[in-house]
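Make a model of this:
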Amino acid sequence: MTDWTIRFRFGGIESSLEYLEEMAAKGWMLTYWQGNTLLFQRIEPKQLRFAMDIIPIGHWKLDGGTKNDKVREEYVAMYEEQGWRF
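This next block holds a predicted model:
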């Protein structure tokens, strides 16, 4: 498994989503995002559609953990009901 970390300048939600979709198509899946640091992991190239919500509760890891696990669980449940996968 290969990881790749980059520094990222947030240019807005739409451009960020397009960037993540392009990365997945090239075989890189986002696994962590905090501030301007993104961590990608090598995957089979896939055509994926990303969605984003800004959550004002501190950092968020896709592998679990926020500063408030109860709030995290509520967000995850809400979005999973809408078909999102984490």
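
Confidence-wise, which helix or strand of the chain is lowest on average?
strand 60-61 (a mean of 54; mean pLDDT, DSSP states H and E).

Can you give me the buried ones in the helix or strand residue 73 falls within?
Assigned by DSSP states H and E, residue 73 falls within helix 69-81. Within helix 69-81, the residues scored as buried using 16 or more other C-beta atoms under 10 Å are 72, 75. Bear in mind the C-beta positions are built from the backbone N, C-alpha and C, glycine included.

Use 408 as the first number for this chain going forward.
Understood, numbering begins at 408; the last thing we discussed is helix 476-488.

avg pLDDT for it?
For helix 476-488, mean pLDDT is 80.

got it, and stretch 449-457?
According to the model, stretch 449-457 has a mean pLDDT of 94.

So for it, what gets flagged as buried?
Going by 16+ other C-beta under 10 Å, stretch 449-457 has these buried residues: residue 450.

what residues are up against residue 437?
Residue 437 makes contact with 427, 430, 445-447, 469, according to C-beta atoms under 8 Å, 6 or more residues apart in numbering.

residue ranges for the helices of the chain, please.
420-432, 476-488 (DSSP state H).

Present those helices as JSON lines; the columns should include distance to residue 440.
What follows is these, written out as JSON lines (distance: least, C-beta to C-beta, whole Å):
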{"stretch": "helix 420-432", "distance to residue 440": "9"}
{"stretch": "helix 476-488", "distance to residue 440": "15"}
